[in-house]
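could you look at this predicted model? Sequence included:
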Amino acid sequence: MRIYLNGKLVDKDKAVISVFDHGLLYGDGVFEGIRSYDSLIFKLEEHIDRLYRSAEAIELNIPMTKADMTKAVIETLKSNGLKDAYIRLVVTRGVGDLGLDPRKCKVPTVFIITDKISLYPKEFYRDGLAIITAKTKRNLTAALNPKIKSLNYLNNILAKIDAIKAGTEEAIMLTYDDYVAECTGDNIFMIFAGTLITPPTDVGALEGITRDAVIGLAKDAGISFEEKMIKIEDLYNADEVFLTGTAAEIIPVTMIDKRRISGGRPGEITRRLMEEFKSITKTSGVKYEL
Ligand code: PMP
């Protein structure tokens, strides 16, 4: 496997970074997770834009243009001969000293890993996921805004541990005042009386690229859509619930906190959106030749 590291493609064993890199010491950096489907990179421009927005939010100056970043992603995919891939793009503050001061880090570290995508089991899509509400609350937007896709994922990891302890794959994270924000690695949607509803990202959620794609699909299909603050009880009473994310795509939820949702089966609108989503991954994206 070849990794893009600071302008070069190197073998996996040689793709090493310093223990003084602030990405490692402090989680000081940003990242993206992207997918390619049969040599089409899904929503590449949107992911690269979000990476640069996240970097700007932490005052990290990415030392290459968006066009060069795009080229680097494609080069890495080609050198690994991958048609269907998961792409991890990471930019850290770079090597500094043991203090926090980002000014000591002169050159950001940029690396790109492309790997085979590990898919969730088919049963999750057929039967739906059981999830719980995490004990861990979502970070305050005024403390560490969840819109920034930073390397500092400890808040999500603590909620993921809540999920694992409860024997589930995902957990819903609530804001400090108990509004639904998102899950540990996915956005959340519900359908109530035919309307698709998701919390606004300002509540404390990532501006998911899959989330945006699904909102677009719903609009095209004439499904009414609303962004609104919701409570966990709204999810319990929803007709359908599903999660969205680059790796998961659209995944139905059929149980929350041991309560059955949508009669314990993935709902009709969810299934329709899953189909539509599959079809756009096959027809849109940035093409590359191996
Ligand atoms: N929320 C969080 C916390 C995430 O980490 C992710 C990405 N894994 C998402 C939502 C989904 O975002 P996207 O659709 O852009 O992958």
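Arrived safely, thanks for sending. Numbering: from 1, shown residues only.

show me what residue of the stretch 51-200 of the chain gets nearest to the ligand.
residue 185 (4.1 Å; C-beta to the nearest ligand atom). Where you see a C-beta, it was placed from the backbone N, CA and C, and this is true even at glycine.

correct me, but that residue touches residue 156?
Yes. The pair residue 185 / residue 156 is scored as a contact, 6.5 Å apart, by C-beta atoms under 8 Å.

need the residues touching each of those two.
Shared contacts of residue 185 and residue 156 (C-beta atoms under 8 Å, 6 or more residues apart in numbering): none.

what residues does the stretch 101-250 of the chain have near the ligand?
156, 182, 185-187, 206, 208-211, 244-246 (C-beta under 6 Å from any ligand atom).

which one is whatever residue of the stretch 1-150 of the chain ends up closest to the ligand nearest to, not counting chain neighbours?
Distances between the stretch 1-150 of the chain and the ligand by C-beta to the nearest ligand atom are smallest at residue 33, namely 5.4 Å. In space, and not counting its chain neighbours, residue 33 is closest to residue 246: 5.0 Å by C-beta to C-beta, 6 or more residues apart in numbering.

contact partners for that neighbour?
By C-beta under 8 Å, 6+ apart, residue 246 lies in contact with 33-35, 42, 86, 209-210.

those in helices, which ones?
Among the contacts of residue 246, the residues falling in helices (DSSP state H) are 209-210.

out of the contacts of residue 246, which end up buried?
Buried residues within those, defined by neighbour count using 16 or more other C-beta atoms under 10 Å: 34-35, 42, 86, 209-210.

got JSON lines for the residues you listed, with distance to residue 250 too?
As requested, the buried ones among the contacts of residue 246 are exported to JSON lines (distance: C-beta to C-beta, whole Å):
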{"residue": "34", "distance to residue 250": "17"}
{"residue": "35", "distance to residue 250": "13"}
{"residue": "42", "distance to residue 250": "13"}
{"residue": "86", "distance to residue 250": "17"}
{"residue": "209", "distance to residue 250": "13"}
{"residue": "210", "distance to residue 250": "7"}
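
make a markdown table out of those and add pLDDT.
A markdown table is the format used below for the buried ones among the contacts of residue 246 (pLDDT from 0 to 100):
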| residue | pLDDT |
| --- | --- |
| 34 | 98 |
| 35 | 98 |
| 42 | 98 |
| 86 | 98 |
| 209 | 98 |
| 210 | 98 |
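
I'd like to know which of the residues you listed is nearest to residue 124.
Lowest distance from residue 124 to those (C-beta to C-beta) belongs to residue 210, with 15.3 Å.

wait, residue 72 touches residue 111, no?
No. Shown here, residue 72 and residue 111 do not form a contact pair, counting by C-beta under 8 Å, at 9.6 Å.

and for these two, which residues touch both?
Contact criterion C-beta under 8 Å, 6+ apart; residues shared by residue 72 and residue 111: residue 4.

check the offset of stretch 120-138 from the chain's centre.
15 Å (C-alpha atoms, centre = their mean, to the nearest Å).

how about stretch 211-227?
Counting by C-alpha atoms, centre = their mean, stretch 211-227 comes out at 18 Å from the chain centroid.

so residue 75 lies in a strand, does it not?
No. Looking at residue 75 with DSSP: H, G, I helix; E, B strand; the rest coil, it is helix, so not inside a strand.

so what pLDDT did it get?
Residue 75 is assigned 98 on the pLDDT scale.

quick check: residue 141 vs residue 54, distance?
14 Å (C-beta to C-beta, to the nearest Å).

follow-up on the earlier one: PyMOL command to pick out the buried ones of the residues of the stretch 101-250 of the chain next to the ligand?
Filtering these down to the buried ones (16+ other C-beta under 10 Å) takes a single PyMOL command:
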select buried, resi 156+182+185+186+187+206+208+209+210+211+244+245+246
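
ok, so of the residues of the stretch 101-250 of the chain next to the ligand, who is nearest residue 252?
residue 244 (11.0 Å).

what residues are up against that closest one?
Residue 244 neighbours (C-beta under 8 Å, 6+ apart): 186-189, 208, 210-211, 213-214, 250-251.
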